[in-house]
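Enquirer: sequence below, structure please.
(2 chains)
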Amino acid sequence: GAGVSQSPSNKVTEKGKDVELRCDPISGHTALYWYRQSLGQGLEFLIYFQGNSAPDKSGLPSDRFSAERTGGSVSTLTIQRTQQEDSAVYLCASSFLGAYEQYFGPGTRLTVT
Amino acid sequence: KNEVEQSPQNLTAQEGEFITINCSYSVGISALHWLQQHPGGGIVSLFMLSSGKKKHGRLIATINIQEKHSSLHITASHPRDSAVYICAVRRNNAGNMLTFGGGTRLMVKP
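Expert: Numbers count the residues shown, from 1 in each chain, chains lettered A, B, ... in the order given. Below is the predicted model:
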């Protein structure tokens, strides 16, 4: 069956440009999470969507980062004015409701040159 | 100090060995997850547990809530078990996002 998909799989961008990363969660999953894994670092939480509730943005590292989820399904993570320290693998996960097992997408590897 | 600590950071084993990876946490949690990340980056959820013990094939996960400690065991290890194993907790009163340990890199040699 279809899992969580993310696009693009790889993105190289110049410092200062904006980027958009897309996540398609598993159909029927109401919860969607964005995480970041920097080189040599562990995973860190960015933002969490649950149904129609206001998203939990507590993990976003700066106001250059934002995310939206349209129609309770697809989500887009936007990074404005990218910096080299934004280079990382951005992972999306989804789950049925909020307290269940999370299913991870393959990630988007972002490189800011 | 990190809220979630794993040990060891790196582990090399011979095929067939019994492997234990440990996770300690310092916060109240509602659940603990064990994740597996293969080279190439894909992450698979192995277990989600809040008490006791779970078993799936050669993998066993245990948790002791009082001691704030969990272990992941792999019996009869195989080279295909080589991966990074990550412990993550869902903290009480912190929504549903996960807080991650630093991971344990396991290599199983044939």
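Enquirer: identify the bridge partners of the residue nearest to residue B:39 when sequence neighbours are not counted.
Expert: Leaving aside its chain neighbours, residue B:39 sits nearest to residue B:83 (7.5 Å; criterion: Cβ to Cβ, 6 or more residues apart in numbering or on different chains). Any C-beta I mention is one placed from the backbone N, CA and C, and that applies to glycine too. Residue B:83 has these beta-bridge partners by DSSP bridges: residue B:106.
Enquirer: who are the neighbours in contact with residue B:83?
Expert: By Cβ atoms under 8 Å, 6 or more residues apart in numbering or on different chains, residue B:83 lies in contact with B:36-39, B:106.
Enquirer: could you export those as TSV, including pLDDT, distance to residue A:38 and neighbour count?
Expert: Formatted as TSV, the contacts of residue B:83 follow (pLDDT from 0 to 100; distance: Cβ to Cβ, whole Å; neighbours: other Cβ atoms under 10 Å in any protein chain shown):
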residue	pLDDT	distance to residue A:38	neighbour count
B:36	96	20	18
B:37	93	14	20
B:38	88	19	12
B:39	81	17	8
B:106	97	21	21
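Enquirer: so which of those residues belong to strands?
Expert: B:36-37, B:106 (DSSP state E).
Enquirer: tell me the one of those nearest chain A?
Expert: residue B:37 (8.6 Å; Cβ to the nearest Cβ).
Enquirer: host element of the residue nearest to the spatial centre of chain A?
Expert: What sits nearest the mean C-alpha location of chain A, by Cα atoms, centre = their mean, is residue A:34, with 3.4 Å. Using DSSP states H and E, residue A:34 sits in strand A:31-37.
Enquirer: now that strand, how far from the centre of its chain.
Expert: Strand A:31-37 sits 5 Å away from the centroid of its parent chain (Cα atoms, centre = their mean, to the nearest Å).
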